[in-house]
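A.B. asks: Structural data only, the sequence is not supplied:
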(Lines give C-alpha, C1' and ligand atoms only; values in the text may rest on other atoms or scores of the structure.)
Protein backbone atom coordinates (compact mmCIF):
# COMPACT_ATOMS: atom_id res chain seq x y z
CA UNK A 1 0.00 0.00 0.00
CA UNK A 2 2.86 2.31 0.99
CA UNK A 3 4.55 1.60 -2.35
CA UNK A 4 1.30 2.30 -4.18
CA UNK A 5 0.90 5.64 -2.42
CA UNK A 6 4.49 6.51 -3.16
CA UNK A 7 3.99 5.68 -6.85
CA UNK A 8 0.81 7.78 -6.93
CA UNK A 9 2.68 10.63 -5.22
CA UNK A 10 5.41 10.40 -7.83
CA UNK A 11 2.91 10.49 -10.68
CA UNK A 12 1.13 13.41 -8.98
CA UNK A 13 4.40 15.37 -8.60
CA UNK A 14 5.32 14.57 -12.19
CA UNK A 15 2.00 15.88 -13.52
CA UNK A 16 2.18 18.92 -11.21
CA UNK A 17 5.59 19.82 -12.64
CA UNK A 18 4.31 19.45 -16.23
CA UNK A 19 1.30 21.68 -15.59
CA UNK A 20 3.37 24.20 -13.59
CA UNK A 21 5.70 24.67 -16.57
CA UNK A 22 2.81 24.96 -19.02
CA UNK A 23 1.04 27.44 -16.67
CA UNK A 24 4.22 29.50 -16.39
CA UNK A 25 4.64 29.66 -20.19
CA UNK A 26 1.00 30.64 -20.74
CA UNK A 27 1.08 33.30 -17.99
CA UNK A 28 4.29 34.81 -19.37
CA UNK A 29 2.93 34.73 -22.93
CA UNK A 30 -0.32 36.40 -21.88
CA UNK A 31 1.79 39.34 -20.67
CA UNK A 32 4.39 39.59 -23.43
CA UNK A 33 2.47 38.16 -26.44
CA UNK A 34 5.88 37.92 -28.16
CA UNK A 35 5.70 34.31 -29.25
CA UNK A 36 2.10 34.12 -30.43
CA UNK A 37 2.15 37.43 -32.27
CA UNK A 38 5.35 36.47 -34.12
CA UNK A 39 3.94 33.06 -35.09
CA UNK A 40 0.58 34.48 -36.15
CA UNK A 41 1.86 37.40 -38.19
CA UNK A 42 4.34 35.13 -39.93
CA UNK A 43 1.72 32.44 -40.68
CA UNK A 44 -0.80 34.95 -42.03
CA UNK A 45 1.85 36.61 -44.20
CA UNK A 46 2.87 33.25 -45.66
CA UNK A 47 -0.66 32.30 -46.71
CA UNK A 48 -1.22 35.82 -48.04
CA UNK A 49 1.99 35.72 -50.12
CA UNK A 50 1.10 32.27 -51.49
CA UNK A 51 -2.34 33.61 -52.36
CA UNK A 52 -0.84 36.42 -54.46
CA UNK A 53 2.11 34.46 -55.82
CA UNK A 54 0.19 31.42 -57.05
CA UNK A 55 -2.72 32.14 -59.34
CA UNK A 56 -4.55 28.91 -58.69
CA UNK A 57 -7.70 27.60 -60.36
CA UNK A 58 -10.23 25.68 -58.27
CA UNK A 59 -8.73 22.25 -58.99
CA UNK A 60 -5.07 23.07 -58.38
CA UNK A 61 -6.06 25.07 -55.30
CA UNK A 62 -7.26 21.89 -53.59
CA UNK A 63 -4.11 20.04 -54.62
CA UNK A 64 -1.82 22.84 -53.37
CA UNK A 65 -3.67 23.54 -50.11
CA UNK A 66 -2.14 20.77 -47.99
CA UNK A 67 1.38 21.80 -49.05
CA UNK A 68 0.78 25.50 -48.36
CA UNK A 69 -0.81 24.74 -45.00
CA UNK A 70 2.05 22.54 -43.79
CA UNK A 71 4.73 24.92 -45.04
CA UNK A 72 2.96 27.65 -43.04
CA UNK A 73 2.63 25.52 -39.90
CA UNK A 74 6.22 24.25 -39.96
CA UNK A 75 7.81 27.67 -40.50
CA UNK A 76 5.59 29.40 -37.95
CA UNK A 77 6.17 26.50 -35.54
CA UNK A 78 9.95 26.91 -35.85
CA UNK A 79 9.62 30.57 -34.81
CA UNK A 80 7.57 29.56 -31.78
CA UNK A 81 9.92 26.74 -30.76
CA UNK A 82 12.98 28.97 -31.00
CA UNK A 83 11.35 31.71 -28.93
CA UNK A 84 9.99 29.29 -26.35
CA UNK A 85 13.47 27.93 -25.57
CA UNK A 86 15.25 31.29 -25.96
CA UNK A 87 13.11 32.63 -23.09
CA UNK A 88 14.43 29.81 -20.90
CA UNK A 89 18.04 30.46 -21.86
CA UNK A 90 18.11 34.28 -21.70
CA UNK A 91 18.08 34.75 -17.94
CA UNK A 92 19.46 31.32 -17.13
CA UNK A 93 15.91 30.10 -16.48
CA UNK A 94 16.67 26.72 -18.02
CA UNK A 95 19.18 26.18 -15.21
CA UNK A 96 16.45 27.20 -12.76
CA UNK A 97 14.20 24.48 -14.19
CA UNK A 98 17.01 21.90 -14.19
CA UNK A 99 17.71 22.61 -10.51
CA UNK A 100 14.20 21.56 -9.52
CA UNK A 101 13.98 18.09 -7.94
CA UNK A 102 11.72 16.69 -10.66
CA UNK A 103 12.28 14.09 -13.34
CA UNK A 104 13.71 16.15 -16.19
CA UNK A 105 11.42 14.56 -18.72
CA UNK A 106 8.58 16.48 -16.99
CA UNK A 107 10.31 19.71 -18.11
CA UNK A 108 10.22 18.40 -21.66
CA UNK A 109 6.52 17.48 -21.46
CA UNK A 110 5.67 20.83 -19.85
CA UNK A 111 7.35 22.67 -22.73
CA UNK A 112 5.66 20.35 -25.27
CA UNK A 113 2.26 21.09 -23.71
CA UNK A 114 2.67 24.86 -23.92
CA UNK A 115 4.20 24.73 -27.42
CA UNK A 116 1.32 22.58 -28.68
CA UNK A 117 -1.17 25.00 -27.14
CA UNK A 118 0.47 27.94 -28.98
CA UNK A 119 0.59 25.94 -32.21
CA UNK A 120 -3.12 25.08 -31.95
CA UNK A 121 -4.02 28.74 -31.38
CA UNK A 122 -2.13 29.73 -34.53
CA UNK A 123 -3.76 26.89 -36.50
CA UNK A 124 -7.22 27.82 -35.19
CA UNK A 125 -6.75 31.33 -36.58
CA UNK A 126 -4.97 30.37 -39.80
CA UNK A 127 -7.55 27.77 -40.93
CA UNK A 128 -10.59 30.12 -41.19
CA UNK A 129 -8.47 32.87 -42.76
CA UNK A 130 -7.15 30.37 -45.30
CA UNK A 131 -10.70 29.10 -45.99
CA UNK A 132 -11.84 32.63 -46.81
CA UNK A 133 -8.77 33.62 -48.86
CA UNK A 134 -8.67 30.43 -50.94
CA UNK A 135 -12.41 29.70 -50.88
CA UNK A 136 -11.93 26.15 -49.56
CA UNK A 137 -13.75 24.51 -46.67
CA UNK A 138 -11.06 23.20 -44.31
CA UNK A 139 -13.39 22.21 -41.49
CA UNK A 140 -13.25 18.51 -42.19
CA UNK A 141 -12.86 16.15 -39.22
CA UNK A 142 -10.27 14.03 -41.05
CA UNK A 143 -8.15 17.09 -41.84
CA UNK A 144 -8.42 18.29 -38.24
CA UNK A 145 -7.21 14.87 -37.04
CA UNK A 146 -4.20 15.10 -39.38
CA UNK A 147 -3.41 18.62 -38.18
CA UNK A 148 -3.59 17.39 -34.58
CA UNK A 149 -1.29 14.39 -35.17
CA UNK A 150 1.11 16.33 -37.40
CA UNK A 151 1.39 19.19 -34.90
CA UNK A 152 2.02 16.81 -32.00
CA UNK A 153 4.81 15.05 -33.93
CA UNK A 154 6.32 18.33 -35.07
CA UNK A 155 6.29 19.88 -31.58
CA UNK A 156 7.48 16.66 -29.89
CA UNK A 157 10.69 16.50 -31.90
CA UNK A 158 10.94 20.29 -32.27
CA UNK A 159 10.96 20.86 -28.51
CA UNK A 160 13.76 18.34 -28.03
CA UNK A 161 15.86 19.82 -30.83
CA UNK A 162 15.14 23.39 -29.67
CA UNK A 163 16.54 22.43 -26.25
CA UNK A 164 19.63 21.21 -28.07
CA UNK A 165 19.91 24.19 -30.45
CA UNK A 166 19.49 26.78 -27.70
CA UNK A 167 22.82 25.68 -26.18
CA UNK A 168 24.65 26.74 -29.36
CA UNK A 169 25.74 30.26 -30.33
CA UNK A 170 23.83 30.12 -33.64
CA UNK A 171 20.58 28.87 -32.10
CA UNK A 172 18.23 30.75 -34.49
CA UNK A 173 19.85 29.14 -37.53
CA UNK A 174 20.61 25.84 -35.86
CA UNK A 175 17.02 24.79 -35.07
CA UNK A 176 15.69 24.63 -38.66
CA UNK A 177 18.91 22.94 -39.80
CA UNK A 178 18.50 20.25 -37.15
CA UNK A 179 14.72 20.02 -37.25
CA UNK A 180 13.69 19.97 -40.91
CA UNK A 181 15.61 16.83 -41.97
CA UNK A 182 14.36 14.91 -38.93
CA UNK A 183 10.75 16.02 -39.28
CA UNK A 184 10.45 15.21 -43.00
CA UNK A 185 8.50 11.95 -42.41
CA UNK A 186 5.92 13.83 -40.30
CA UNK A 187 5.53 16.58 -42.88
CA UNK A 188 5.29 14.13 -45.81
CA UNK A 189 2.70 12.00 -44.00
CA UNK A 190 0.75 15.07 -42.91
CA UNK A 191 0.74 16.58 -46.41
CA UNK A 192 -0.33 13.29 -48.03
CA UNK A 193 -3.07 12.63 -45.48
CA UNK A 194 -4.35 16.23 -45.62
CA UNK A 195 -4.37 16.12 -49.41
CA UNK A 196 -6.34 12.85 -49.32
CA UNK A 197 -9.01 14.28 -47.02
CA UNK A 198 -9.28 17.50 -49.07
CA UNK A 199 -9.84 15.43 -52.22
CA UNK A 200 -12.66 13.61 -50.43
CA UNK A 201 -10.96 10.24 -49.95
CA UNK A 202 -12.27 7.93 -47.22
CA UNK A 203 -10.34 7.33 -43.99
CA UNK A 204 -9.39 3.81 -45.11
CA UNK A 205 -7.66 5.27 -48.18
CA UNK A 206 -5.42 7.58 -46.14
CA UNK A 207 -5.04 5.28 -43.14
CA UNK A 208 -1.46 4.42 -44.18
CA UNK A 209 -0.38 8.05 -43.66
CA UNK A 210 -2.43 8.44 -40.46
CA UNK A 211 -0.78 5.30 -39.04
CA UNK A 212 2.64 6.60 -40.03
CA UNK A 213 1.92 9.90 -38.27
CA UNK A 214 0.67 8.11 -35.17
CA UNK A 215 3.72 5.82 -34.99
CA UNK A 216 6.10 8.72 -35.61
CA UNK A 217 4.48 10.73 -32.80
CA UNK A 218 4.90 7.81 -30.40
CA UNK A 219 8.51 7.13 -31.45
CA UNK A 220 9.53 10.80 -31.21
CA UNK A 221 7.91 11.22 -27.80
CA UNK A 222 9.56 8.03 -26.51
CA UNK A 223 12.99 9.09 -27.80
CA UNK A 224 12.63 12.58 -26.31
CA UNK A 225 11.52 11.08 -22.96
CA UNK A 226 14.69 8.96 -22.87
CA UNK A 227 17.28 11.49 -24.04
CA UNK A 228 16.06 14.89 -22.79
CA UNK A 229 18.12 14.65 -19.59
CA UNK A 230 21.32 14.13 -21.62
CA UNK A 231 20.45 16.91 -24.06
CA UNK A 232 20.09 19.58 -21.38
CA UNK A 233 22.91 18.52 -19.07
CA UNK A 234 26.55 19.47 -19.79
CA UNK B 1 27.94 17.61 4.10
CA UNK B 2 29.86 17.87 0.80
CA UNK B 3 32.55 15.31 -0.05
CA UNK B 4 34.42 15.48 -3.35
CA UNK B 5 37.22 13.07 -4.24
CA UNK B 6 39.51 13.14 -7.25
CA UNK B 7 37.03 15.11 -9.35
CA UNK B 8 37.91 15.47 -13.02
CA UNK B 9 35.92 17.44 -15.56
CA UNK B 10 36.84 17.50 -19.22
CA UNK B 11 35.25 19.44 -22.06
CA UNK B 12 36.52 17.62 -25.13
CA UNK B 13 40.31 17.76 -24.97
CA UNK B 14 40.33 20.50 -22.33
CA UNK B 15 40.60 19.39 -18.70
CA UNK B 16 39.10 21.99 -16.36
CA UNK B 17 39.18 20.15 -13.02
CA UNK B 18 42.19 17.91 -12.39
CA UNK B 19 41.60 15.44 -9.57
CA UNK B 20 40.08 17.97 -7.18
CA UNK B 21 39.43 17.05 -3.51
CA UNK B 22 37.06 19.21 -1.48
CA UNK B 23 35.16 18.63 1.78
CA UNK B 24 32.73 20.90 3.60
CA UNK B 25 31.32 20.21 7.06
CA UNK B 26 27.72 21.01 8.00
CA UNK B 27 27.22 24.72 8.76
CA UNK B 28 30.51 25.85 7.18
CA UNK B 29 30.56 28.89 4.87
CA UNK B 30 33.32 28.27 2.34
CA UNK B 31 34.53 31.00 0.00
CA UNK B 32 35.98 29.46 -3.14
CA UNK B 33 38.45 31.95 -4.58
CA UNK B 34 40.43 31.87 -7.78
CA UNK B 35 41.25 33.70 -10.99
CA UNK B 36 39.06 33.60 -14.12
CA UNK B 37 39.20 30.19 -15.78
CA UNK B 38 40.26 28.40 -12.59
CA UNK B 39 37.21 26.12 -12.78
CA UNK B 40 35.08 27.65 -9.99
CA UNK B 41 31.85 27.89 -11.99
CA UNK B 42 32.39 24.46 -13.56
CA UNK B 43 32.85 22.99 -10.09
CA UNK B 44 29.73 24.65 -8.72
CA UNK B 45 27.71 23.52 -11.75
CA UNK B 46 28.78 19.93 -11.06
CA UNK B 47 27.74 20.25 -7.40
CA UNK B 48 24.44 21.77 -8.59
CA UNK B 49 23.82 18.71 -10.83
CA UNK B 50 23.84 20.92 -13.95
CA UNK B 51 26.97 19.27 -15.30
CA UNK B 52 28.21 15.68 -15.11
CA UNK B 53 31.65 14.89 -13.71
CA UNK B 54 34.03 13.05 -16.06
CA UNK B 55 35.63 11.15 -13.16
CA UNK B 56 35.59 11.16 -9.37
CA UNK B 57 33.20 10.69 -6.46
CA UNK B 58 30.80 13.31 -5.09
CA UNK B 59 28.50 12.98 -2.11
CA UNK B 60 26.16 15.75 -0.94
CA UNK B 61 23.99 15.39 2.18
CA UNK B 62 24.57 11.63 1.98
CA UNK B 63 23.52 11.27 -1.66
CA UNK B 64 25.84 10.29 -4.48
CA UNK B 65 26.21 12.29 -7.68
CA UNK B 66 25.22 11.91 -10.46
CA UNK B 67 23.21 8.74 -9.68
CA UNK B 68 21.03 10.37 -6.96
CA UNK B 69 20.89 13.82 -8.54
CA UNK B 70 17.17 14.32 -7.95
CA UNK B 71 17.54 13.69 -4.19
CA UNK B 72 20.52 16.05 -4.08
CA UNK B 73 18.51 18.79 -5.80
CA UNK B 74 15.96 18.72 -2.96
CA UNK B 75 18.77 19.69 -0.55
CA UNK B 76 20.32 22.38 -2.76
CA UNK B 77 19.68 26.08 -3.25
CA UNK B 78 21.63 27.74 -6.05
CA UNK B 79 22.23 31.42 -6.83
CA UNK B 80 24.34 32.44 -9.81
CA UNK B 81 25.14 35.81 -11.37
CA UNK B 82 22.06 35.28 -13.57
CA UNK B 83 18.75 35.57 -11.69
CA UNK B 84 17.13 32.36 -13.13
CA UNK B 85 13.79 34.19 -12.95
CA UNK B 86 11.10 34.97 -15.52
CA UNK B 87 10.87 38.67 -16.38
CA UNK B 88 7.26 38.44 -17.57
CA UNK B 89 6.03 37.00 -14.26
CA UNK B 90 5.63 38.92 -11.01
CA UNK B 91 7.87 38.23 -8.02
CA UNK B 92 5.06 36.25 -6.41
CA UNK B 93 4.26 34.29 -9.60
CA UNK B 94 7.93 33.37 -9.99
CA UNK B 95 8.07 32.03 -6.45
CA UNK B 96 4.72 30.26 -6.86
CA UNK B 97 6.02 28.54 -9.98
CA UNK B 98 9.16 27.33 -8.19
CA UNK B 99 7.11 26.34 -5.12
CA UNK B 100 5.09 24.05 -7.42
CA UNK B 101 8.24 22.63 -8.97
CA UNK B 102 9.61 21.87 -5.48
CA UNK B 103 6.23 20.55 -4.32
CA UNK B 104 6.24 22.84 -1.26
CA UNK B 105 3.40 22.70 1.28
CA UNK B 106 1.62 25.90 2.45
CA UNK B 107 2.91 27.73 -0.60
CA UNK B 108 1.20 31.08 0.07
CA UNK B 109 2.61 31.37 3.61
CA UNK B 110 6.09 30.29 2.55
CA UNK B 111 6.15 32.74 -0.37
CA UNK B 112 5.15 35.62 1.93
CA UNK B 113 7.82 34.58 4.44
CA UNK B 114 10.53 34.44 1.77
CA UNK B 115 9.53 37.76 0.16
CA UNK B 116 9.74 39.32 3.61
CA UNK B 117 13.19 37.77 4.16
CA UNK B 118 14.58 39.32 0.98
CA UNK B 119 12.77 42.65 1.52
CA UNK B 120 10.48 42.45 -1.50
CA UNK B 121 7.09 41.97 0.13
CA UNK B 122 5.84 45.37 -1.05
CA UNK B 123 6.89 44.54 -4.67
CA UNK B 124 5.28 41.09 -4.76
CA UNK B 125 2.84 42.02 -7.55
CA UNK B 126 5.42 43.73 -9.76
CA UNK B 127 6.90 42.14 -12.87
CA UNK B 128 10.47 40.96 -12.36
CA UNK B 129 11.60 42.74 -15.52
CA UNK B 130 10.82 46.07 -13.80
CA UNK B 131 13.19 45.21 -10.91
CA UNK B 132 16.71 46.60 -10.58
CA UNK B 133 19.60 44.14 -10.83
CA UNK B 134 19.99 44.15 -7.05
CA UNK B 135 16.29 43.41 -6.47
CA UNK B 136 16.40 40.58 -9.00
CA UNK B 137 19.39 39.11 -7.19
CA UNK B 138 17.57 39.31 -3.85
CA UNK B 139 14.57 37.58 -5.38
CA UNK B 140 16.95 34.97 -6.82
CA UNK B 141 18.08 34.27 -3.26
CA UNK B 142 14.42 34.02 -2.26
CA UNK B 143 13.90 31.45 -5.02
CA UNK B 144 16.94 29.51 -3.83
CA UNK B 145 15.85 29.35 -0.16
CA UNK B 146 12.16 28.74 -0.90
CA UNK B 147 12.37 25.00 -0.18
CA UNK B 148 14.62 25.56 2.86
CA UNK B 149 17.69 23.78 1.45
CA UNK B 150 20.49 22.45 3.64
CA UNK B 151 23.22 23.42 1.18
CA UNK B 152 23.51 26.76 -0.63
CA UNK B 153 25.75 27.34 -3.66
CA UNK B 154 26.47 30.95 -4.70
CA UNK B 155 28.30 31.57 -7.96
CA UNK B 156 29.62 35.13 -7.89
CA UNK B 157 26.33 36.61 -6.66
CA UNK B 158 27.76 40.16 -6.47
CA UNK B 159 28.52 40.37 -10.21
CA UNK B 160 27.02 43.50 -11.77
CA UNK B 161 25.68 44.95 -8.51
CA UNK B 162 26.40 48.47 -7.26
CA UNK B 163 27.74 49.17 -3.75
CA UNK B 164 24.31 49.55 -2.08
CA UNK B 165 22.95 46.43 -3.77
CA UNK B 166 26.06 44.48 -2.70
CA UNK B 167 25.62 45.61 0.92
CA UNK B 168 21.97 44.59 0.89
CA UNK B 169 22.84 41.26 -0.72
CA UNK B 170 25.49 40.66 1.97
CA UNK B 171 22.86 41.20 4.64
CA UNK B 172 20.58 38.62 2.99
CA UNK B 173 23.54 36.22 2.54
CA UNK B 174 24.39 36.66 6.22
CA UNK B 175 20.78 35.87 7.20
CA UNK B 176 20.80 32.78 4.97
CA UNK B 177 24.07 31.53 6.47
CA UNK B 178 22.99 32.33 10.03
CA UNK B 179 20.27 29.68 9.74
CA UNK B 180 22.91 26.94 9.95
CA UNK B 181 23.06 26.18 6.26
CA UNK B 182 26.19 24.89 4.57
CA UNK B 183 27.34 27.48 2.01
CA UNK B 184 29.86 27.42 -0.83
CA UNK B 185 30.36 30.75 -2.58
CA UNK B 186 32.68 31.65 -5.43
CA UNK B 187 33.84 35.24 -5.65
CA UNK B 188 36.52 37.61 -6.91
CA UNK B 189 35.74 40.15 -4.23
CA UNK B 190 38.09 39.20 -1.39
CA UNK B 191 36.97 42.04 0.87
CA UNK B 192 33.34 40.94 0.81
CA UNK B 193 33.90 37.23 1.36
CA UNK B 194 36.32 37.93 4.23
CA UNK B 195 33.39 39.11 6.36
CA UNK B 196 30.97 36.38 5.30
CA UNK B 197 32.94 33.12 5.07
CA UNK B 198 34.30 30.84 7.79
CA UNK B 199 36.81 29.15 5.45
CA UNK B 200 38.72 30.22 2.34
CA UNK B 201 39.83 27.83 -0.40
CA UNK B 202 41.82 28.88 -3.44
CA UNK B 203 41.15 27.03 -6.67
CA UNK B 204 43.58 27.37 -9.54
CA UNK B 205 44.29 25.25 -12.62
CA UNK B 206 41.59 22.79 -11.60
CA UNK B 207 42.89 22.02 -8.10
CA UNK B 208 42.55 23.40 -4.59
CA UNK B 209 45.87 25.16 -3.96
CA UNK B 210 45.27 26.19 -0.34
CA UNK B 211 42.61 26.12 2.37
CA UNK B 212 42.46 28.17 5.59
CA UNK B 213 39.85 28.66 8.30
CA UNK B 214 39.00 32.23 9.27
CA UNK B 215 40.53 31.89 12.74
CA UNK B 216 43.79 30.55 11.25
CA UNK B 217 43.99 33.39 8.79
CA UNK B 218 43.26 36.35 11.06
CA UNK B 219 41.76 39.63 9.92
CA UNK B 220 43.07 41.52 6.91
CA UNK B 221 45.38 38.77 5.66
CA UNK B 222 43.20 37.33 2.93
CA UNK B 223 44.94 39.11 0.04
CA UNK B 224 48.37 37.86 1.11
CA UNK B 225 46.98 34.34 1.57
CA UNK B 226 45.34 34.46 -1.87
CA UNK B 227 48.47 35.69 -3.65
CA UNK B 228 50.67 33.12 -1.93
CA UNK B 229 48.21 30.34 -2.78
CA UNK B 230 48.21 31.30 -6.46
CA UNK B 231 51.98 31.38 -6.45
CA UNK B 232 51.98 27.89 -4.91
CA UNK B 233 53.65 29.12 -1.71
CA UNK B 234 50.82 28.30 0.70
CA UNK B 235 49.61 24.72 0.85
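C.D. replies: Great, that's in hand. Bear in mind that the values here come from a model prediction, so they are computed numbers and not experimental data. Numbering: from 1, shown residues only, chains lettered A, B, ... in the order given.

A.B. asks: quick one: low-confidence parts of chain A?
C.D. replies: Counting by pLDDT under 70, the ranges of chain A that qualify are A:1-5.

A.B. asks: Tell me which residue is most central in it.
C.D. replies: residue A:155 (2.8 Å; C-alpha atoms, centre = their mean).

A.B. asks: Look up how far residue A:122 lies from it.
C.D. replies: Residue A:155 is 12 Å from residue A:122, where distance means C-beta to C-beta, to the nearest Å. For glycine as for every other residue, the C-beta is placed from the backbone atoms N, C-alpha and C.

A.B. asks: OK, contacts around the residue nearest to the centre of chain A?
C.D. replies: A:77, A:81, A:112, A:115-116, A:119 (C-beta atoms under 8 Å, 6 or more residues apart in numbering or on different chains).

A.B. asks: Common neighbours of residue A:155 and residue A:122, please.
C.D. replies: Shared contacts of residue A:155 and residue A:122, defined by C-beta under 8 Å, 6+ apart, comprise residue A:77.

A.B. asks: one step back: dump the contacts of residue A:155 into a markdown table; add secondary structure as well.
C.D. replies: Shown next, in a markdown table, are the contacts of residue A:155 (DSSP: H, G, I helix; E, B strand; the rest coil):
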| residue | secondary structure |
| --- | --- |
| A:77 | helix |
| A:81 | helix |
| A:112 | helix |
| A:115 | helix |
| A:116 | helix |
| A:119 | helix |
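
A.B. asks: Residue A:182: neighbouring residues, count only.
C.D. replies: Look at residue A:182: counted by other C-beta atoms under 10 Å in any protein chain shown, it has 13 neighbours.

A.B. asks: ignore the last one, residue A:164
C.D. replies: Neighbours around residue A:164, by other C-beta under 10 Å: 20.

A.B. asks: Which residues does the helix or strand where residue B:64 lies contact?
C.D. replies: Here residue B:64 sits within strand B:63-65, counting by DSSP states H and E. With contacts defined as C-beta under 8 Å, 6+ apart, strand B:63-65 is touched by B:46-47, B:49, B:53, B:57-59, B:71-72, B:75.

A.B. asks: near chain A, from the residues you listed?
C.D. replies: Among the contacts of strand B:63-65, the residues within reach of chain A (C-beta under 8 Å from any C-beta of the partner chain) are B:49, B:71.

A.B. asks: In PyMOL, how would I select the buried members of the contacts of strand B:63-65?
C.D. replies: Burial among the contacts of strand B:63-65 is assessed by 16 or more other C-beta atoms under 10 Å in any protein chain shown; the matching PyMOL selection reads:
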select buried, chain B and resi 46+47+49+53+58+59+71+72+75
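
A.B. asks: what ranges do the strands span in chain B?
C.D. replies: Secondary structure of chain B (DSSP state E): strands at B:2-11, B:14-24, B:29-33, B:55-60, B:63-65, B:76-79, B:151-155, B:182-187, B:199-204, B:207-213.

A.B. asks: Can you tell me the strand partners of the shortest one and which way each runs?
C.D. replies: It refers to strand B:63-65. Sheet pairing of strand B:63-65 (DSSP bridges) gives strand B:55-60 (antiparallel).

A.B. asks: what's the angle between the strand it pairs with and strand B:182-187?
C.D. replies: Inter-element angle recorded for strand B:55-60 and strand B:182-187: 120 degrees (by axes from the mean of the first three to the mean of the last three C-alpha atoms, to 10 degrees).

A.B. asks: quick one: strand B:55-60 to chain centroid distance?
C.D. replies: The chain centroid and the centroid of strand B:55-60 are separated by 18 Å under C-alpha atoms, centre = their mean, to the nearest Å.

A.B. asks: Please work out the average pLDDT along it.
C.D. replies: Taken as a whole, strand B:55-60 has a mean pLDDT of 93.

A.B. asks: Report the angle between that strand and strand B:14-24.
C.D. replies: 30 degrees.

A.B. asks: Could you name the helices and strands sitting against the helix ranked longest in chain B?
C.D. replies: Criterion DSSP state H: the longest helix present in chain B is helix B:163-178. On a contact count with 3 or more C-beta pairs under 8 Å, 6 or more residues apart in numbering or on different chains; DSSP states H and E, helix B:163-178 meets helix B:133-145, strand B:151-155, strand B:182-187, helix B:190-196.

A.B. asks: Just the endpoints, please. Distance across stretch B:99-115?
C.D. replies: Between the opening and closing residues of stretch B:99-115 lies a distance of 13 Å (C-alpha to C-alpha, to the nearest Å).

A.B. asks: burial of the residue lying closest to residue A:175 once chain neighbours are set aside, as a residue count?
C.D. replies: Using C-beta to C-beta, 6 or more residues apart in numbering or on different chains and skipping residues adjacent in sequence, the residue nearest residue A:175 is residue A:165, 4.2 Å away. Under the neighbour criterion other C-beta under 10 Å, residue A:165 is assigned a count of 23.

A.B. asks: Thank you, goodbye.
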